[in-house]
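Participant: A predicted structure for the sequence below; I have some questions about it.
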Amino acid sequence: MLARIATLIFRHRLPLVCIFGALTVVMAGFASRLHVDASFNKSLPLDHEYIRTFTKYQTEFGGANRVLVALMAKNGNIFTPEYFAQLRKVTDEVTFLPAVDRAQVQSLFTPNVRYIEVIEDGFAGGNVIPADFTPTPANFARVRENIIKSGKLGQLVANDFSGALVSAQLLEIDARTGRTVDYARVAAGLDAIRRRVERESGGTITVHTIGFAKVIGDIGDGARGVLLLFGVSIVITGLLVWNYAGRWKLAAAPVVCSLVAVVWQLGALTALGYGVDPFSILVPFLVFAIGVSHGVQKISMFRNEMFKGHDGPSAARSAFMQLIVPGVVALMTDTVGFITMFVIKIQVIRDLALIASLGVSVIVLTNFLLLPIMLSYLHLPANYGAWVAARRARMDRLWARLANGMHARPSMIIILVCFALGAWGYWKAEQVRIGDTQAGVPELRPNSRYNQDTRVITSKFSIGVDVLSVLVETVPNGCIDHDVVELMDHFEGRIRTVPGVQSVISLPSMAKLVNSWYSEGSLKWRILPRNRQALAQAVSPIETATGLLNGDASVMPILIFLTDHKAETLSGVTDAVKAFAASHPSGKARFLLASGNAGVMAATNEVVQAAQRPIVLWVFGAVIVLCLITFRSIRATLCIVVPLAIVSWLAYALMVYLGIGLKISTLPVVALGVGIGVDYGIYLFASLQAALKAGAFFEDAMFQAFKDTGAAIVFTGLTLGAGVSMWIFSDLKFQADMGLLLTFMFLVNMLGAIVLLPAMARWLFRHHTRRA
Amino acid sequence: MPAFFLSMNLSALARSIVMAAATALSLRASPPVQPSMLLLDGGYAGADLVVVGERGVILRSTDQGQTWQGAALPPAPTLTGVSFARGTARGWAVGHDALILGTTDAGRTWHQQWQGKNLEDSFLDVLALDAQHVIAVGAYGLFVTTADGGRTWERRKILDEDYHLNQVACGPGGTLYIAGEHGTLLRSADQGATWQRIDSPYDGSFYGILPLDARTIVAYGLRGRIYRSVDDGANWTPVANDQRVLIATALRLRSGTIVFTGQSRGWFVSRDAALTITPWTSPPTPAVAQLIELPGGSLLTLGEAGAAILAAP
């Protein structure tokens, strides 16, 4: 059957190559239309109760999509004519950016920023910068006073008067074009403003921009930057293959085949209507690396056949026949790792699993059809056999040393050292944090421009960037129901005492402020009046644009600003919210978690924490079952699984030391590392078991297994490592984290397979040793 | 916590034992409270500080404001005033919802002593003359007194108009003063039994009167207004001040220096018994409702940012 297929393939190799070529051109056409989709909605755990609340009110309160452009004066003083001229210009420029809600733009120069003064018979007020403003010292002093009176110090002006900012709201739908907002264009506009100001001011004014649009822009840029790294990883892998094969034509075959697989995969994605997000953009690296590492085995087999005296086509045919079954099985084990990721109910991870599985299926086609056909066209020079033999002899000496070194004492030392490492890793792994610890946007690097800008703005202004909002579902016009606002105020009082809570903004706290202004600004009147008219008067100035209430005041968010978004901080707040809701049952108000970036993080953390154990149990369960089926031996399974477990614990220990938390991006790492890393052990053990079954002593069988598979294992580890290690240089923090951890998993799993597995086998199969 | 094995985790066990021990210990002393909520008034109960504020909070400090503990009290609205009878452990706290609380153990535990029928009434200040006599004043002319240490309270009208009565103060000679809305200034020479109007130099709100001696008094209030009288209120001289910020409180330090403050960043000092004032560029503080001089000479500020200690000018 297999032989008939093989014969058929190689008889029609020219048409098949043409078909492959044509399909690749078509797929490349699709792939060229690939778009990088940096929207993060897919990374939300949609099933989670917080996220259900979040999505329910996303359209109503999602409008809090703010962009802040801060102009900081280098000399620490904004009261200069040059600074004011630039601030006015930037205010205008921001107002005319696409999708900006022009009426909501705020800066010292916009008419909606006013100061209010209590006078004997009511209020007096005016624009902070008067219409007749001219830059004189007296006028600057007046503006300074007005800023303090306006209460915008810390909001629009830095607390030490060293800078000021322009704040703008973005509309989801651009009213002028009727299209959904293109964040990339907004981000580009903001960059242009930055460049202009810094150029014109000669560096005396620096510009710092934060906001969701900018994050999306920067993440998109970072994700596209990864494509460049892909080129580097192809070159490195190519060099590795060339070093292994010794002939560039032979080396080119698996590289080209794997590139074809990548093109097909990307093309298929686009054809199926998928975009590439910052997570799945990493899959091509994996597919390429897996493709090359499997392709290399084909080369190895192919040249062995050539040395036996076959010509190109029959050598390729023979290699195809021998490798199709084990190769497909190995690729299926990779897929096991991907499939376990479906345990996590987060779309990006499932997409990642799906796209990776798709890529691996494509590899089956390219590696088992295209590659043998390509190889069949190759002619190897006469002296090539001698070159390979010389290299092999060098390697074999190493393998012989390793195999013979597995005496009782050294192998026991290896086992003890590895187990000690494993125990230490297990102990350390307990300390792995859930979620992110870094300040700013965790997707970007801590020293990225965006996060630096965030640090400048949060340190100079009283502006928090980590917000968890609790949505209070209440009766229509709940804002003038004293019971409701009083309960919300009590909630606020309770939440303010939770560690990590910096400040809280809510309709009741605003209303209390307004009420005190109606009472001459006296602090003793910061209360919610029981009188319905007085309460209505205190509430009426609070517009829906503040995001503190919806149209009929039946939903009122309470914005909780946090000092950071560490998992403990988030869970401390969510626990306090749940405890308050449970101890204050009310027919009129329900306190629902959660919205805001920190609310989404809290939900994600909970999902990650819940998925963390299942995903590990599933992948190890799958690997154990697979090993039991393949080898029908518990001892064999132990030899393969124990090194994987130790390496996984060490990976967690590494995360502890590098301060990498368990999050959406790092959760799949162990599954990927184990799913792909198990191949090493399977190859090596299969060969060992075959030799033992044939009656060889353990030492000889081990040597044979090393000779057969050792080089391929080392090579596979290196190519996989080379592929994913390039991610470390990504601008996106989570890609760098994934790259680092996967490189570690792939390389150290390889070491585990060639060091610990033989040592354990030496003891578990000691009845096969020569002395026994 | 990644864990592939369901085995017993010894470090977690040890941690939980430590936690249990810590919990048992913490039951003995009430946990410290961060004094970061809006605080509106405070005073000494013997050597201990007691402060009151937003959402019915009462805090005590036995170490001159370094650390604070919560007092035991029934659920209460925002409390605006607190006063202790000198040399006793008896004190009273007043607030919105027409509520008066009392304590007999220097502020550790509090009980409701009186509440008006109309919860829209608000007390704004309280003054304990001694362990029996207490005066509480508030919005719309609210005036309530007790002569039996709080067992019974009497509400009466001392003003024809419904003006807010913001503060009640006692001079060195025992004369009592009330400052209020619309230039309201009142004087009582008989422990609050009868009240006489003082001719007002200003028709805006006064937030307090600071008696300096038997004849010299200083009234302060809205828009940076400070007036000084050397004849117990018969004639007033305005104290020059061009900063139009609310002055909510004033305090004479043991050094004789007078400090005025209120609205955010509005600080003024006088070193000549309020003849002249100068702005004090103190560390920028949010709005302040009350000042207390600590034994070391520094100032305890109570206000928007809670309780904070400030070096005296």
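Facilitator: Nice, I can see it.

Participant: give me every residue that touches residue B:73.
Facilitator: Residue B:73 makes contact with B:56, B:58, B:101, B:109-111, according to C-beta atoms under 8 Å, 6 or more residues apart in numbering or on different chains. In short, each C-beta sits where N, CA and C put it, glycine included.

Participant: And those, which is closest to chain A?
Facilitator: Of all the contacts of residue B:73, chain A sits closest to residue B:56, with 9.0 Å by C-beta to the nearest C-beta.

Participant: shouldn't the closest one be in contact with residue B:79?
Facilitator: Yes: counting by C-beta atoms under 8 Å, residue B:56 does reach residue B:79; the two are 6.0 Å apart.

Participant: Overlap of the contact sets of these two?
Facilitator: Common contacts of residue B:56 and residue B:79 (C-beta under 8 Å, 6+ apart): residue B:95.

Participant: So those two - more neighbours on which side?
Facilitator: Taking other C-beta atoms under 10 Å in any protein chain shown, residue B:56 and residue B:79 do not tie; residue B:79 has more neighbours (29 against 22).

Participant: Let me see the backbone angles for residue 306.
Facilitator: No chain in the question, so chain A it is. phi -60, psi -40 (degrees, to the nearest 10).

Participant: Wait, chain B was what I had in mind.
Facilitator: phi 80, psi -150.

Participant: Please report how far residue A:47 lies from chain B.
Facilitator: Taking C-beta to the nearest C-beta, to the nearest Å as the measure, residue A:47 and chain B are separated by 22 Å.

Participant: helix/strand/coil for the nearest residue to that residue once chain neighbours are set aside?
Facilitator: Closest residue in space to residue A:47, ignoring its immediate chain neighbours: residue A:345 at 4.8 Å, by C-beta to C-beta, 6 or more residues apart in numbering or on different chains. Going by DSSP: H, G, I helix; E, B strand; the rest coil, the secondary structure assigned to residue A:345 is coil.

Participant: tally of neighbours for residue A:345?
Facilitator: 14.

Participant: Provide a list of residues in contact with it.
Facilitator: Per C-beta under 8 Å, 6+ apart, neighbours of residue A:345: A:45-48, A:607, A:611.

Participant: Distance-wise, check it relative to chain B.
Facilitator: The gap separating residue A:345 from chain B is 19 Å, by C-beta to the nearest C-beta.

Participant: Output the below-cut-off pLDDT ranges for the chain.
Facilitator: Picking chain A for this. Filtered on pLDDT under 70, chain A yields the residue ranges A:36-41, A:62-64, A:118, A:120-122, A:173-175, A:771-772.

Participant: Can you look at chain B instead?
Facilitator: Short version for chain B, where the test is pLDDT under 70: B:1-30, B:282-284.

Participant: Need the phi and psi values for residue A:435.
Facilitator: Residue A:435 has phi and psi values of phi 80, psi -160 when expressed as degrees, to the nearest 10.

Participant: quick one on the thing from earlier: among the contacts of residue B:73, name the ones in strands.
Facilitator: If you go by DSSP state E, the contacts of residue B:73 have B:58, B:101, B:111 in strands.

Participant: Next, count neighbours for residue 83.
Facilitator: Using chain A here. Residue A:83: 22 surrounding residues under other C-beta under 10 Å.

Participant: I was after chain B.
Facilitator: By other C-beta under 10 Å, the residues close to residue B:83 number 25.

Participant: does it sit in a helix or strand, and which one?
Facilitator: According to DSSP states H and E, residue B:83 maps onto strand B:79-84.

Participant: Equivalent analysis for residue A:746, please.
Facilitator: Using DSSP H and E, residue A:746 sits within helix A:733-751.

Participant: That helix close to chain B?
Facilitator: No: Helix A:733-751 lies apart from chain B when judged by C-beta under 8 Å from any C-beta of the partner chain; the minimum separation is 12.5 Å.

Participant: Only the buried residues of that helix, if you could.
Facilitator: By neighbour count with 16 or more other C-beta atoms under 10 Å in any protein chain shown, helix A:733-751 contains the buried residues A:733-751.

Participant: Emit the ChimeraX select command for whichever of the ones in strands among the contacts of residue B:73 are buried.
Facilitator: Typed into ChimeraX, the line below selects the buried ones among those, using 16+ other C-beta under 10 Å:
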select /B:58,101
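
Participant: could I get the ones in strands among the contacts of residue B:73 as JSON lines with distance to residue A:366?
Facilitator: Below are the ones in strands among the contacts of residue B:73 laid out as JSON lines (distance: C-beta to C-beta, whole Å):
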{"residue": "B:58", "distance to residue A:366": "76"}
{"residue": "B:101", "distance to residue A:366": "81"}
{"residue": "B:111", "distance to residue A:366": "83"}
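
Participant: near chain B, which residues of the stretch 351-500 of chain A show up?
Facilitator: Within the stretch 351-500 of chain A, the positions near chain B by C-beta under 8 Å from any C-beta are A:426-427, A:429-432, A:489-490, A:493, A:496-497.

Participant: Which of these fall in helices?
Facilitator: Among these, DSSP state H puts A:426-427, A:429, A:489-490, A:493, A:496 in helices.

Participant: filter these to the buried ones?
Facilitator: Neighbour-count burial (16+ other C-beta under 10 Å) applied to these gives A:426, A:429, A:489-490, A:493, A:496.

Participant: Out of the residues you listed, give me the two with the largest separation.
Facilitator: Distance extremes for those: the farthest pair is A:426 and A:489 at 47.7 Å, using C-beta to C-beta.

Participant: closest point of the stretch 101-250 of chain B to chain A, which residue?
Facilitator: Counting by C-beta to the nearest C-beta, the stretch 101-250 of chain B gets nearest chain A through residue B:204, at 4.2 Å.

Participant: what sits against that residue?
Facilitator: Residues near residue B:204 by C-beta under 8 Å, 6+ apart: A:120, B:182-183, B:221-223, B:225.

Participant: show me where the stretch 51-200 of chain A has strands.
Facilitator: All strands of the stretch 51-200 of chain A, identified by DSSP state E, counting those that start in this stretch, fall at A:66-73, A:114-119, A:122-127, A:163-169.

Participant: And for the stretch 401-550 of chain A?
Facilitator: Remark: strands assigned in the stretch 401-550 of chain A by DSSP E, counting those that start in this stretch are A:467-473, A:501-505.

Participant: Now residue 49: closest residue in space, sequence neighbours ignored.
Facilitator: If you meant another chain, say so; for now it's chain A. Counting by C-beta to C-beta, 6+ apart, residue A:593 is the residue found nearest to residue A:49 once chain neighbours are left out, at 7.1 Å.

Participant: looking at chain B here, not the other one
Facilitator: residue B:61 is the one closest to residue B:49 (C-beta to C-beta, 6+ apart), at 4.3 Å.
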